[in-house]
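Q: how does the following fold in three dimensions:
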Amino acid sequence: MNSKFHSTVSRRDFMKGLGLAGIGLGAASAAAPAFRDLDELASSDAAIYKEPWFVRELEIEKPSVEVDWQVMDSWRSGKPGEGGEALEGRWSVGYGSNNPTIREGSRYNNEVKIPNYLARIEDNTKASVPGYQLKDHALNAGAGYLSFGAGLVSQPWTGMNVTTPEGRGLARWSGTAEEANRMVRAAAHFLGIEKIGVIEINNNTKKLWNPTQKWDDIDQADPDDSSRTIPNKCKYGLTIMVRQPLEMTKRGPSPQNVGATLGYMYNPILRQRMQRFIKSLGYQCLDRDMTANVAAAALTGIGELSRISHAYTHEWGTALRYHPTLLTDLPLAPTKPISFGGHKFCETCKICGQTCQEINGLSPISMETEPTYDITGPWNRIGVKTFQFNWPYDYFCNYCQASCPWTNHGMSMVHDVVKSVSANTSIFNSFFTQMEHVFGYSRHWEDTDRLGAWWDRNLNKDPFDIILA
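A: Have a look, this model is predicted:
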């Protein structure tokens, strides 16, 4: 032991720091769990997500948002019976202006909101306002590396080549589905994924994939198959959670608002890591993501569906970016949907929509109190009773995410009380929403002093994380 440390920190102080003062070493050893190998660790309660008492498990395929599986279908351009045909590819908000039926009034053709929004960025950049300076734009560019997988397109959809169990002279991993869940969960956590969920592929859940997706009774997926045919034996979907940093999500339209950018950058990296892990166990792991990543989060118990059509959790609110689902033939145990009162809270809250309207004028966020099956256009999935999001009017500005009370829960101890109460009764939800406005937790950090101070923050105290930088 370092002599300086030993001279200033007594054995008793050291034990007290560990929370073991007052007991002998023998008792301390008995109190601590002893794991002889990783198998024992994976089979212990330490490898299980321990949700707080107010989180309830629901039935498989019955999340807190109502779903009519008989009506729901692969993403179509209209309702069944009204001429809606399956799209060759899913409708994408990024290409809304190419569709003449939805072009008018969309965010691409609006003469009020978008020019004002973009002009603000342009004017502040020209004036070298803190948060909009060259170094801020450079930060944004750096954060965008590998965003949406750009740079990884050369990787086969079946995953990179890895050393198989046979290559090591071993049999592939075997165990129960529950043991597989624990093992994958432990590995995912280390690799940068704080939560996973598992969905079983059946006639219902196949509807969450692109309608052109092919499934067949083949043994192995072909990396050169342009249609990316999925073997029917790959009947387990592994959904992973990709977070985004709240600090950089609350910075308005400035280039420092890189929360979403970082999320999209980490997403392909985390997917590749999980593919390599599972392939090294001797199983297939296919990067054939569903078109409904938020649905995957709600169906597998990662979180609930929010008013803004994002998934959100009781821990991090809507500061989540993506929930890709990898397909595998590694037998896994399906995980159940959960409810922490979030979707119900959205009925009375509406802070996200109010914030969007105040800042942007025209908002894509529904302000209805009750969820509905009535879609607003082909960008909504039929068969889901929710707050229908009008995607052509979306800004991709993150104001809604950063203003969500569940996203900001860590700013005050009272939020812990709010979470537990809201999960059990909704009668106080309106009051909680009013208090959120009063205390200003939903406000954004756009003052130039705060934006400029980011570059001079104390790096010795500022938390650092390779995933949540």
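Q: going forward, measure contacts between C-alpha atoms and count neighbours the same way
A: OK.
Q: thought I121 was touching G252?
A: No - between I121 and G252 there is no contact under Cα atoms under 8 Å: 9.9 Å.
Q: where do the strands of this structure begin and end?
A: 56-57, 66-67, 196-200, 215-216, 230-231, 236-240, 242-243, 285-286, 304-305, 311-312, 320-322, 325-328, 338-339, 384-385 (DSSP state E).
Q: straight-line length of stretch 343-362, end to end?
A: Taking Cα to Cα, to the nearest Å, stretch 343-362 runs 23 Å from one end to the other.
Q: what about that stretch, distance to the chain center?
A: Stretch 343-362 has its C-alpha centroid displaced from the chain centroid by 20 Å (Cα atoms, centre = their mean, to the nearest Å).
Q: ok, stretch 377-395 next?
A: Its chain's average C-alpha position is 19 Å from that of stretch 377-395, according to Cα atoms, centre = their mean.
Q: end to end, how far does that stretch reach?
A: End-to-end span of stretch 377-395 (Cα to Cα): 17 Å.
Q: quick one: average pLDDT of it?
A: Mean pLDDT, stretch 377-395: 85.
Q: quick revisit: of all the strands of the chain, which one is nearest V153?
A: strand 285-286 (14.3 Å; Cα to Cα).
Q: and the contacts of the closest one?
A: W157, T158, G159, Q275, I278, K279, L326, L327, T328, D329 (Cα atoms under 8 Å, 6 or more residues apart in numbering).
Q: quick one: the helices in the stretch 301-450 of the chain, in order.
A: 342-348, 351-360, 399-403, 414-422, 429-439, 448-453 (DSSP state H, counting those that start in this stretch).
Q: any idea of the mean pLDDT for the last one?
A: On average, the pLDDT along helix 448-453 is 86.
Q: tell me which residues are up against that helix.
A: With Cα under 8 Å, 6+ apart as the test, helix 448-453 has contacts from V129, P130, G131, R251, Q256, W445.
Q: now with 7 Å, please.
A: Helix 448-453 is contacted from outside by P130, G131, using Cα atoms under 7 Å, 6 or more residues apart in numbering.
Q: run the chain-centre distance for it.
A: 28 Å.
Q: quick one: buried residues of that helix?
A: Neighbour counts over helix 448-453 (16 or more other Cα atoms under 10 Å) mark L451, G452 as buried.
Q: return it as CSV; C-alpha atoms alone will do.
A: Output of helix 448-453 as CSV, limited to C-alpha atoms (Å, rounded to 0.1, in the frame of the first residue of the first chain):
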residue,chain,number,x,y,z
THR,A,448,-25.2,32.2,-23.8
ASP,A,449,-23.4,32.2,-20.5
ARG,A,450,-24.2,28.6,-20.0
LEU,A,451,-23.4,27.6,-23.6
GLY,A,452,-20.1,29.4,-23.5
ALA,A,453,-19.2,28.0,-20.1
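Q: before we move on, back to that, make CSV out of the strands of the chain and add mean neighbour count and distance to E178.
A: Converted to CSV, these look like this (neighbours: other Cα atoms under 10 Å; distance: least, Cα to Cα, whole Å):
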stretch, mean neighbour count, distance to E178
strand 56-57, 16, 17
strand 66-67, 16, 27
strand 196-200, 25, 11
strand 215-216, 13, 26
strand 230-231, 22, 23
strand 236-240, 27, 13
strand 242-243, 26, 23
strand 285-286, 28, 18
strand 304-305, 29, 23
strand 311-312, 28, 25
strand 320-322, 24, 25
strand 325-328, 26, 15
strand 338-339, 25, 18
strand 384-385, 19, 30
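Q: out of these, which gets nearest to C397?
A: Closest among the strands of the chain, using Cα to Cα: strand 320-322, at 13.0 Å.
Q: packing partners for that closest one?
A: Helices and strands touching strand 320-322, by 3 or more Cα pairs under 7 Å, 6 or more residues apart in numbering; DSSP states H and E, are strand 242-243, helix 259-280.
Q: may I have the strands that pair with that strand, each with its orientation?
A: For strand 320-322, the paired strands and their directions (DSSP bridges) read strand 242-243 (antiparallel).
Q: what does the strand it pairs with contact?
A: Among residues not part of strand 242-243, those counted as contacts by Cα under 7 Å, 6+ apart are I193, G263, N267, A319, L320, R321, Y322, H323.
Q: so which of these is the closest to D219?
A: For the contacts of strand 242-243, the nearest to D219 is H323 (26.8 Å; Cα to Cα).
Q: OK, contacts around the closest one?
A: T239, I240, M241, V242, N293, V294, A296, A297.
Q: which pair in the residues you listed has the greatest spatial separation?
A: V242 and A296 (12.5 Å).
Q: give me the below-cutoff pLDDT ranges for the stretch 201-350 of the chain.
A: Per-residue confidence for the stretch 201-350 of the chain (pLDDT under 70) gives these ranges: 289.
Q: tabulate the contacts of strand 285-286 (a markdown table), appending distance to A138.
A: Listed next are the contacts of strand 285-286 as a markdown table, based on distance: Cα to Cα, whole Å:
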| residue | distance to A138 |
| --- | --- |
| W157 | 31 |
| T158 | 34 |
| G159 | 32 |
| Q275 | 31 |
| I278 | 36 |
| K279 | 37 |
| L326 | 33 |
| L327 | 36 |
| T328 | 39 |
| D329 | 42 |
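Q: just the buried residues of those.
A: W157, T158, G159, Q275, I278, K279, L326, L327, T328, D329.
Q: touching, the fourth one and W157? I think so.
A: No - with contact taken as Cα atoms under 7 Å, Q275 and W157 are classed as non-touching, separated by 9.5 Å.
Q: burial count for G142?
A: Neighbour count for G142, taken as other Cα atoms under 10 Å: 13.
Q: and the pLDDT for it?
A: On pLDDT, G142 comes in at 89.
Q: same deal with R443?
A: The model's pLDDT for R443 equals 64.
Q: separation between the closest residue to S147 other than its chain neighbours and K206?
A: Leaving aside its chain neighbours, S147 sits nearest to M265 (3.9 Å; criterion: Cα to Cα, 6 or more residues apart in numbering). Using Cα to Cα, M265 is found at 27 Å from K206.
Q: just I269 next, same as before
A: For I269, the distance to K206 - Cα to Cα - is 25 Å.
Q: what's the end-to-end length of stretch 274-290?
A: The straight-line separation of the ends of stretch 274-290 (Cα to Cα) is 16 Å.
Q: how far off centre is that stretch?
A: Going by Cα atoms, centre = their mean, where stretch 274-290 is centred and where its chain is centred differ by 19 Å.
Q: related to what we said a few turns ago, can you redo the contacts of strand 242-243 as CSV with distance to W215?
A: Shown next, in CSV, are those (distance: Cα to Cα, whole Å):
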residue, distance to W215
I193, 28
G263, 30
N267, 25
A319, 34
L320, 30
R321, 28
Y322, 24
H323, 22
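Q: and which of these is nearest to E347?
A: Nearest to E347 among these: A319, at 19.5 Å, using Cα to Cα.
Q: burial check on that closest one, number of neighbours?
A: Using other Cα under 10 Å, A319 has 28 neighbouring residues.
Q: quick one: contacts for the nearest residue to it once chain neighbours are set aside?
A: If the residues on either side of it in the chain are set aside, A319 comes closest to Q244, at 5.5 Å by Cα to Cα, 6+ apart. Contacts for Q244 (Cα under 7 Å, 6+ apart) come out as G259, A260, L262, G263, A319, L320, R321, L468.
Q: and those residues, which is closest to F345?
A: Distances from F345 to the contacts of Q244, taken by Cα to Cα, are shortest for A319, at 16.8 Å.
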